[in-house]
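Participant: I would like to see how this sequence folds:
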Amino acid sequence: MAQEDPLISVIINCKNGEKYLFESVNSVLNQSYENFEIIFFDNNSVDKSKEIIESFQTDKIKYFHSDQNLLLGEARNLALSKASGEYITFLDTDDIYFKERLFTQLLAMQQENYEVSYSGYVEINKKGEYLKTILPRIRSGNIFEKTLKRYNVNLQTIMLKKELIDKLKVYFDKSLNFSEDGDFFLNIIINEPVLVLRKPLIKYRIHPDQDTRKKYNLVAKEFKITLNKLKLNYPEKYIEYKKAFNFAFIKLTYFEFLDILINGKLESSLEKISKIKFKDIRYFLIWIFLNFTKSKKLTLRILNRKDEK
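Facilitator: Residues are numbered from 1 along each chain as shown. Next up, the predicted model:
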């Protein structure tokens, strides 16, 4: 495309990401759409990330470095503040863009007249081998309610106009380090329609040690912060989507349950679990029963206790 086409800022936050960094950055530099910049924010890396970036020798990459270890939310905001593009998108240091990613998403947004969009993605393993394709199951438009109930949006697939961020004054929460991306997106889409592209545009790398089950407690704590902020900042929306909010708050208890069940000793956790108040405890226990073989005995014991009351 010609140079008069809008500039896209690709934001890459890095913390010791040398292993896959060359492949990730190269996937951006090889895009069919040519009018982009890479905002590379190095969060005090001690590996060879800087040397890898310098090896590209291109003015498309703008390198920034922090001498402090920042939480990811703050690091993303600092990177965002350096962006000059009309459109903003993101990439982690171990993920990969398809060659037509920028062109396809930008063109769709312009044709459909949306200011924010996201797409599907392909999961790959650490060797880059195909695992599966994840496609959105919802239609374009107002997706807040369905997304709040079941958040499954990958930050790397999001593209949005920078003026929308400035208009809404929505940024990444500096206090969050695990779910800052979900917090950011939910605060955007509570007021904005979203273009949903049911096609994969990136490759998202899954690591063997990427066991989110060990982080359920962190998910619960940070998700609670997000829900309370949304409830406080958008009271009218809270009333409008009260059922979705109630469902989301129930999920907090669900995460607490999983944290106790998975990371605690099963038998000693029984008393703690029985004190958790579920709106519909059977729904969660059936899920646990089907997904965690070790917990079947415990699940039956809790169900029996509920029946006795």
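
Participant: doesn't residue 24 make contact with residue 96?
Facilitator: Yes: counting by Cβ atoms under 8 Å, residue 96 does reach residue 24; the two are 6.0 Å apart. C-beta coordinates here come from the backbone N, C-alpha and C atoms, glycine included.

Participant: And the strands in the protein?
Facilitator: Taking DSSP state E, the strands of the chain run over residues 8-14, 36-43, 61-66, 87-92, 96-97, 116-124, 130-134, 159-161, 195-205.

Participant: Ranking helices and strands of this structure by mean pLDDT, which lands last?
Facilitator: None of the helices or strands of the chain scores lower by mean pLDDT, DSSP states H and E than helix 296-308, at a mean of 46.

Participant: mind showing which ranges of the stretch 101-250 of the chain have poor pLDDT?
Facilitator: The stretch 101-250 of the chain contains residues with pLDDT under 70 at 209-216.

Participant: In contact with the residue lying closest to residue 224 once chain neighbours are set aside: list those residues for me.
Facilitator: In space, and not counting its chain neighbours, residue 224 is closest to residue 252: 5.5 Å by Cβ to Cβ, 6 or more residues apart in numbering. Residues near residue 252 by Cβ atoms under 8 Å, 6 or more residues apart in numbering: 220, 223, 224, 227.

Participant: Next: residue 176.
Facilitator: Neighbours of residue 176 in contact, by Cβ under 8 Å, 6+ apart: 71, 72, 73, 183, 222, 225, 226.

Participant: If you tally nearby residues, what's the number for the first one?
Facilitator: The local packing of residue 71 (other Cβ atoms under 10 Å) involves 17 other residues.

Participant: follow-up on the earlier one: where does the residue nearest to residue 224 land on pLDDT?
Facilitator: pLDDT recorded at residue 252 is 75.

Participant: try residue 29
Facilitator: Confidence score, pLDDT, at residue 29: 98.

Participant: in terms of contact, does it touch residue 58 like I think?
Facilitator: Yes: between residue 29 and residue 58 there is a contact under Cβ under 8 Å: 6.7 Å.

Participant: out of these two, which sits in the more crowded spot?
Facilitator: residue 29 (15 against 10).

Participant: mind listing what the more buried one touches?
Facilitator: Taking Cβ under 8 Å, 6+ apart, one finds 38, 56, 58, 60 in contact with residue 29.

Participant: Now do the third one against residue 97, distance only.
Facilitator: Note on residue 58: its distance to residue 97, by Cβ to Cβ, to the nearest Å, is 16 Å.

Participant: re earlier: nearest to residue 238 among the contacts of residue 29?
Facilitator: Of all those, residue 38 has the smallest distance to residue 238: 38.1 Å, by Cβ to Cβ.

Participant: What's the local residue count around the residue nearest to that closest one when sequence neighbours are not counted?
Facilitator: Distances taken as Cβ to Cβ, 6+ apart put residue 61 closest to residue 38, at 4.6 Å, once the chain neighbours are dropped. Residue 61 has 18 neighbouring residues, counting by other Cβ under 10 Å.

Participant: quick one: residue 61 from residue 21, how far?
Facilitator: Applying Cβ to Cβ, the value for residue 61 to residue 21 is 12 Å.

Participant: With only the CA atoms kept, save stretch 197-205 in PDB.
Facilitator: C-alpha atoms of stretch 197-205 as PDB (Å, rounded to 0.1, in the frame of the first residue of the first chain):
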ATOM      1  CA  LEU A 197     -13.300 -11.200  12.400                       C
ATOM      2  CA  ARG A 198     -13.900 -15.000  12.300                       C
ATOM      3  CA  LYS A 199     -10.500 -15.800  10.800                       C
ATOM      4  CA  PRO A 200      -7.100 -16.400  12.400                       C
ATOM      5  CA  LEU A 201      -4.600 -13.600  11.900                       C
ATOM      6  CA  ILE A 202      -1.800 -14.500  14.400                       C
ATOM      7  CA  LYS A 203       0.000 -17.500  15.800                       C
ATOM      8  CA  TYR A 204      -0.200 -17.700  19.600                       C
ATOM      9  CA  ARG A 205       2.500 -19.900  21.200                       C
END
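
Participant: Understood, closing this out.
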